[in-house]
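No sequence on hand, only this structure:
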């Protein structure tokens, strides 16, 4: 058994932080002495190590507590996920270090590839590792999701351009998308609940209006009127937080690059409909000041 001071010395975590972890129910001591001193055994230290790995991966304390208190939490599975996520980060840092090595040697290297959409790709890869059930449920398989990531890599320049245009930087876009994807299941559940408000029928009607003539300029007044109907359909008081700008940005991206989405939409509304819808939505949000 180790005292709290010994654990603090071993880990570099302050005594007060360890006490705080205990107070919020994240990390408890193995036992308390008669005098009320905290003691920790090896099993407790292994748990603390897991917590620190999650923190290195930028998980919030709230999320770490939720993950580790889940009855189905599996430490070995968690280790595999942490290793996969750290590998993603390592690969990104290796690319940046390689660039710095060239610059340190005085080489002229106008290579901005490492900065383009790595932060966003990292969000997708993290999502794949931490939300495997969601990936399989909504993309069919991990392989299909890998195709999406590959597609994003191929469209890196376009994604970076849009991210900078709408969010100021790829990093800001990645932060917004990470927040959105962390609530992926909740957002999907809310979207499914829209059925109870006859959403699907009305949305289908407005979609058909939108794609009735794909030769029309997306800036056309009637085109944008149809888009507005589609957007406003999700602004019901019953679902006040469903369609944030981040969520719409994600959907626009899906309409434009997700092969499965494109196939489904094009089969339903005609070849080219999916990308047309994506571009029409993109233009709408680009010119609608004050949208959430």
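Right, received. Where do you want to start? Predicted, not measured: the structure shown is a model, and the values here were computed from it.

Next up, the contacts around residue 248.
For residue 248, the residues meeting the contact criterion (C-beta atoms under 8 Å, 6 or more residues apart in numbering) are 231, 281, 285. In this view, the C-beta of every residue, glycine as well, is placed from N, C-alpha and C.

Would you mind checking those for buried ones?
Applying a neighbour-count criterion of 16 or more other C-beta atoms under 10 Å, the buried members of the contacts of residue 248 are 231, 281, 285.

okay, which residue is most central for this protein?
When the chain is reduced to its mean C-alpha position, the closest residue under C-alpha atoms, centre = their mean turns out to be residue 178, at 2.9 Å.

Which parts of the strand or helix carrying it count as buried, going by neighbours?
When elements are defined using DSSP states H and E, residue 178 is found to belong to helix 170-182. Neighbour-count burial for helix 170-182, counted by 16+ other C-beta under 10 Å, picks out 170, 173, 174, 175, 176, 177, 178, 180, 181, 182.

Same question for stretch 35-53.
Taking 16+ other C-beta under 10 Å as the basis for neighbour counts, the residues of stretch 35-53 that come out buried are 38, 39, 40, 44, 47, 48, 50, 51, 53.

pLDDT averaged over that stretch - what is it?
Stretch 35-53 shows an average pLDDT of 92 in the prediction.

Give me the domain ranges for the protein.
If you go by automatic domain parsing, the domain ranges for the chain are 2-69, 75-182, 185-287.

Could you point out the helix or strand that follows the helix or strand bottoming out on mean pLDDT in the chain?
Of all the helices and strands that make up the chain, the one with the lowest confidence by mean pLDDT, DSSP states H and E is helix 184-193; it has a mean of 65. Proceeding N to C from helix 184-193, the next assigned helix or strand is helix 199-210, under DSSP H and E.

and the end-to-end length of stretch 53-62?
End-to-end distance for stretch 53-62, by C-alpha to C-alpha, to the nearest Å: 14 Å.

Tell me which residues of it come out buried.
Buried residues in stretch 53-62, counted by 16+ other C-beta under 10 Å: 53, 54, 57, 59.

about what we covered before: wait, isn't the residue nearest to the centre of the chain in contact with residue 121?
No. Taking C-beta atoms under 8 Å as the definition, residue 178 is not a contact partner of residue 121, at 11.8 Å.
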